[in-house]
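> Mind looking at a prediction? Sequence and model below.
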Amino acid sequence: MSTQPDVVDAGAAYTVLPSSSPCTSEERATALADLRFGVTFTDHMARATWTPDAQWHAHRVERFAPLQLSPAASVLHYAQEIFEGLKAYRHSDGSVWSFRPEVNARRFAASARRLAMPELPVADFLGSLTALVETDLEWVPASDGASLYLRPFMIATEPFLGVRPSHVYDYVVIASPVGPYFAHGFQPVSIWVAQDYHRAGPGGTGAAKFGGNYAASLLPQQAAHAHGFDQVCFLDAATGANLEELGGMNVFVVGADGRVSTPALTGSILEGVTRSSILQLLAEDGCDVAETQIPLADLLAGIRSGEVREVFACGTAAVVTPIGRLAGEGFDVTVGDGGPGPVTEGLYRRLTDIQFGRAADQHGWMRQLV
Ligand SMILES: *Cc1c(COP(=O)(O)O)cnc(C)c1O
């Protein structure tokens, strides 16, 4: 991933077709007072449509409403669907910003290529975020640590059961106000390591933000819950020996010697924006950081010996999540004292300070939406 912000050409203009029945300010205030992840949605959604002749067209912001879809739409049969996840943060002066959205835009294009879908130009991706956030500005929470979660996605809508890439696609962005992931301070999560299931394999779709990867992760995630654990961690499908990632978060290991490592991108790991940003922050600090192979056996030995001090997961939703316990068939270990460590906490604070405008944005990571 490039570390410099892009200069992006102006994209297509989004026509705003305002909802005739938006929430009243009272209804909105009630919704914003009880923020749970992905439950409440704003009044509008941004959209564009792709056909072979017109390419991307009909860029618009319209009422948030059920989509009209043929039961034969190919997404419902062959799962051509990709998505993104990022947030809009309100700063103390009322302005609204997002964190490295051009990286999400490029990843969305890369996911599209892997799923044989048309790429949405980076400018159109960024324009959709601005258009939606401008329209639903009142929905961007001002409360501490809260933000507006943005969910761009693309689906294949052609009514056709033949197995080939669809000829028609819809791009949609919906938005959901969310509270801070940890409303009551850091709560370390417990992780179950899946040894009989994988989320992605060599040559597969693991590096794309593709709904099907999540579908594949649900059964092992359910098994993790059944064992009493919060989340599942996957190992590489080729050898079953090396750490890959959680169902929707990347993972880092902090050594007692200060060395920080994360699984190298193998083609079956999703390259998180949070992961890249953490790697850059640590490297700039002069920290010894490595993208490398992390055998589960080595990690367990390190946790037992105390050589490994902290393990954490990272992603847009939670930013950074301490992992306090790691278990699987035949092992169950506590990381350090089971609580969050200083490296994990420090990274959480640094990233959220930049995102919420409390610290100088020295990297040009923030892009103003409104
Ligand atoms: C989205 C996602 C992540 C985290 O990516 P961020 O850009 O940091 O939010 C990690 N793993 C998977 C599988 C994902 O889908």
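Good, I have the coordinates.
> Look up which helix or strand residue 223 falls in, please.
helix 211-226 (DSSP states H and E).
> Next SSE downstream of that helix?
Next element after helix 211-226 (DSSP H and E): strand 231-235.
> packing partners for that next one?
In terms of contacts (3 or more CB pairs under 8 Å, 6 or more residues apart in numbering; DSSP states H and E), strand 231-235 is packed against strand 189-194, helix 211-226, strand 243-246. For glycine as for every other residue, the C-beta is placed from the backbone atoms N, C-alpha and C.
> Chain neighbours aside, what residue packs nearest to the residue in the stretch 1-150 of the chain that the ligand sits nearest to?
Shortest the stretch 1-150 of the chain-to-the ligand distance, computed as CB to the nearest ligand atom: residue-wise this is residue 85, at 5.6 Å. Closest residue in space to residue 85, ignoring its immediate chain neighbours: residue 316 at 5.1 Å, by CB to CB, 6 or more residues apart in numbering.
> Same question for residue 325.
Closest to residue 325 by CB to CB, 6+ apart is residue 190, at 4.1 Å.
> The residue in the stretch 101-250 of the chain positioned nearest to the ligand and residue 85, how far apart?
Residue of the stretch 101-250 of the chain nearest the ligand, by CB to the nearest ligand atom: residue 248 (4.5 Å). Relative to residue 85, residue 248 is positioned 8 Å away (CB to CB, to the nearest Å).
> which residues are in contact with both of the two?
Listed as contacting both residue 248 and residue 85 by CB atoms under 8 Å, 6 or more residues apart in numbering are 315, 317.
> what about the residue nearest to residue 85, neighbour count?
Neighbourhood size, residue 316 [other CB atoms under 10 Å]: 22.
> what does residue 10 give?
9.
> Tell me who's in contact with residue 77.
residue 161.
> Could you confirm residue 39 falls within a helix?
No: the assignment for residue 39 (DSSP: H, G, I helix; E, B strand; the rest coil) gives coil, which keeps it out of a helix.
> okay but it is in contact with residue 176, surely?
Yes: counting by CB atoms under 8 Å, residue 39 touches residue 176, with 7.2 Å between them.
> follow-up on the earlier one: distance of the residue nearest to residue 325 from residue 58?
46 Å.
> who's more crowded, those two?
residue 190 (19 against 16).
> where does the chain come near the ligand, residue by residue?
Within the chain, the positions lying close to the ligand (CB under 6 Å from any ligand atom) are 85, 209, 245, 248-250, 270, 272-275, 315-316.
> Please repeat the previous calculation with a cut-off of 5 Å.
209, 248, 250, 270, 272, 273, 274, 315, 316 (CB under 5 Å from any ligand atom).
> where along the stretch 1-150 of the chain do the strands fall?
Using DSSP state E, counting those that start in this stretch, the strands of the stretch 1-150 of the chain run over residues 15-16, 44-51, 55-63, 81-83, 86-90, 96-99, 147-156.
> okay, the ones you listed in CSV with mean pLDDT and distance to residue 321 next?
As requested, the strands of the stretch 1-150 of the chain are exported to CSV (pLDDT from 0 to 100; distance: least, CB to CB, whole Å):
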stretch, mean pLDDT, distance to residue 321
strand 15-16, 97, 37
strand 44-51, 98, 29
strand 55-63, 98, 33
strand 81-83, 98, 20
strand 86-90, 98, 16
strand 96-99, 98, 17
strand 147-156, 98, 16
